[in-house]
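Undergrad: task: produce atomic coordinates for the following.
(4 chains)
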There are 2 protein chains.
Amino acid sequence: MNLPRRRSTGRITLSDVAAAAGVSPITASRALRGERGVAQELRERVQAAVQRLGYVPDPAARALASQHGSHVGVLIPMLSNALFVDLIEALQRVLRAAGYQPLIGLTHYDKSEEEHLLREQLMHRPAGLVVTGFDHSAGTRALMAQGAVPCVHVMETSDQPGVWSVGFSQREAAAALTRHLLARGHRRIAFVAAQLDPRTLQRLDGWRDEMQRHGLADPRLEWSNPAPSSLALGAQMLAQVMAQQPRVDAIFFCNDDLAQGALLAALRTGIRVPQDVAIAGFNDLPGSDQMVPALTTVRTPRERIGEAAAQMLLTLMRHGTPAQAAVDLGFEVVVRESA
Amino acid sequence: MNLPRRRSTGRITLSDVAAAAGVSPITASRALRGERGVAQELRERVQAAVQRLGYVPDPAARALASQHGSHVGVLIPMLSNALFVDLIEALQRVLRAAGYQPLIGLTHYDKSEEEHLLREQLMHRPAGLVVTGFDHSAGTRALMAQGAVPCVHVMETSDQPGVWSVGFSQREAAAALTRHLLARGHRRIAFVAAQLDPRTLQRLDGWRDEMQRHGLADPRLEWSNPAPSSLALGAQMLAQVMAQQPRVDAIFFCNDDLAQGALLAALRTGIRVPQDVAIAGFNDLPGSDQMVPALTTVRTPRERIGEAAAQMLLTLMRHGTPAQAAVDLGFEVVVRESA
DNA sequence: CTGAAAGCGCTTACAG
DNA sequence: CTGAAAGCGCTTACAG
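TA: Here you go, the predicted structure:
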């Protein structure tokens, strides 16, 4: 007599909940999303029905109807830098607790790869976006602007209007570490960089600021290698720098893995640290405190950056306004034995 | 006169493409998904229209209509073990190229957390699942069974019917490394474990097999600590083991980070490796080749596991049947200086 | 504060 | 090999 239901999935739907609660689907929807302006009593009836029926909302239907999904795109360079692992863990924890799924995209420090990933992310209509730093391709910037998706930048801060960020001053952190080296009496302090990503370049600036201020600047003290950062590369670059005349008395490696590799190479080749040369790193990655000698470095607050960025994004996604546009979480120079 | 369009999004839809190509939306849909049985000519007209209009399919609509999304859930213990970073990179690369988005869930080696994550993943109707190992809660197993979502297990293999897996024999790998230690003349070989996850336990079995076979088994040689693996823990456990009488002549650490920490602690405390005690690890993580002395370990094929698992899952998601149910990718004992 | 109707953009049976 | 109709499970304006 009546038409057969087609493609029925047997799923408990919002309508089932509404019927059980004796309200319209629309009111059930509003109650579920915690929208203001639903009578307390109806709200409770809906909650009870949800419990009773074991209702689970369908994210796909929600995304289609509301024009945005429940995931947030997270664009980071790579996971093999422990820094980003800590960041992701923290982001994941708070985003997840609020019902959002992080979708991780790995840019490999490549701007066009980043643009490609963003385009891919955007077609999934993310509710929000977390991106690393501010150095993006024109295409990426255009996509972010037109998308109108809430976005927070991490690792660096910016005072540009309309830009949300959580990070610290890479430049100041590098300057602070350089001042520590200077205070220890070092004069010929080399800066050794790999990867040459924007944050490495900012650290280079911070080092250069201090060296110039002390009249110690010398381009021969700047070393770099475009290869990705690794222990092996650190070992290789230590050898290069030490072969130079006149010798440097301290080396500031732009990342801890490089410094760890250098420390191990020093051990292997009989270079005494810090007597023959002092060595410092950046980020305080796992293992740096275990090195022989223990590595002097800068502790960067990536866990707190992850948390704060997630909180800020949550506020934005709920159409709120974060208290501050740029949150600077600082850093800490960790003095150990190597410098 | 005519009704105003409501909530129009201005998006180019499949209907627009179909109209431009002069076919029905349904045919356009079929052509787009590469479904068999669409005339070559229509297929081309649709493709041309897609290009011309810059059409991008809406994953949410697709997911709602087809009852499954375009992402695949990936459940791993954690990212701070470099092993899983390599696995994820590989999985990500091939899954992404095929149009799937990996959704990473971190279980922290906790079965109930895994179950919780899986429940969360499943409500998003993933197209497929990648899970680590076979040691799951009853709830997790039930969810995987009822979900009917294609699933491949990684890191271990199983010959159970209906189970798909890509990995290697953790037990045999540990046995092979133990045989190497034995061949070097070591007799009192300790096994030191952290974390005690299932794969660590399998390695313990492999070591025990060999020790028993040579009549060298001794429960006092088994050490473990439930804390997560780290360099600092390796240092601590080396001290514990070395304080024991009679002394061991070799230590097999269940993971490289533990062994790396032990190597550094030995350096700090004047223990000579391998003369006073030989040290071996497992996994060949970054930095192990740079240690002083360089760490002897087992190289595990996580990149190839990631690729093969992704390929297998792709086959499954396309309703195909993989050539093998269990793919064993082997391992390699890497003999360096420490043992 | 609440609801009836329409629609989000696809795909699934059912026909032919 | 191709298509008209219905439906996936939600939310958004529009009314009242």
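
Undergrad: what is the burial count for the closest residue to DNA strand D within the stretch 201-339 of chain A?
TA: Nearest residue of the stretch 201-339 of chain A to DNA strand D, counting by C-beta to the nearest atom of the strand: A:His319, 11.0 Å away. In short, each C-beta sits where N, CA and C put it, glycine included. The burial count assigned to A:His319 is 7, neighbours taken as other C-beta atoms under 10 Å in any protein chain shown.

Undergrad: again with A:Ser137
TA: A:Ser137 has 16 nearby residues by other C-beta under 10 Å.

Undergrad: equivalent analysis for the one 5 residues further on, please.
TA: Using other C-beta under 10 Å, the number of residues around A:Ala142 comes to 12.

Undergrad: identify the residues contacting the helix or strand hosting it?
TA: Using DSSP states H and E, A:Ala142 sits within helix A:138-147. With contact meaning C-beta atoms under 8 Å, 6 or more residues apart in numbering or on different chains, helix A:138-147 is reached by A:111-112, A:114-115, A:118-119, A:122, A:129, A:131, A:136, A:151.

Undergrad: ok, stretch A:27-42 next?
TA: Residues beyond stretch A:27-42 that count as contacts (C-beta under 8 Å, 6+ apart) turn out to be A:14, A:17-18, A:21, A:23, A:43, A:46-47, A:49-50, A:57.

Undergrad: buried only: go through these for me.
TA: Neighbour counting over those (16 or more other C-beta atoms under 10 Å in any protein chain shown) leaves A:14, A:17-18, A:21, A:23, A:43, A:46, A:49-50, A:57 as the buried ones.

Undergrad: rewinding a little: of the contacts of helix A:138-147, grab the buried ones for PyMOL.
TA: Selection command for PyMOL covering only the buried members of those, criterion 16+ other C-beta under 10 Å:
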select buried, chain A and resi 114+115+118+122+129+131+136+151
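
Undergrad: let's have the contacts of stretch A:27-42 in a markdown table, adding pLDDT.
TA: Below are the contacts of stretch A:27-42 laid out as a markdown table (pLDDT from 0 to 100):
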| residue | pLDDT |
| --- | --- |
| A:Leu14 | 90 |
| A:Val17 | 89 |
| A:Ala18 | 89 |
| A:Ala21 | 89 |
| A:Val23 | 89 |
| A:Arg43 | 88 |
| A:Val46 | 89 |
| A:Gln47 | 88 |
| A:Ala49 | 89 |
| A:Val50 | 89 |
| A:Pro57 | 87 |
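
Undergrad: in strands, which of the residues you listed fall?
TA: Residues of the contacts of stretch A:27-42 located in strands (DSSP state E): none.

Undergrad: of those, which is the nearest to A:Met211?
TA: A:Met211 has its nearest neighbour among the contacts of stretch A:27-42 in A:Pro57, at 57.7 Å by C-beta to C-beta.

Undergrad: how big is the angle separating the strand or helix carrying A:Glu89 from helix B:82-97?
TA: Taking DSSP H and E as the criterion, the element that holds A:Glu89 is helix A:82-97. Between helix A:82-97 and helix B:82-97, the angle formed by their directions is 70 degrees, by axes from the mean of the first three to the mean of the last three C-alpha atoms, to 10 degrees.

Undergrad: in helix A:82-97, what counts as buried?
TA: Buried residues in helix A:82-97, counted by 16+ other C-beta under 10 Å: A:82-92, A:94-96.
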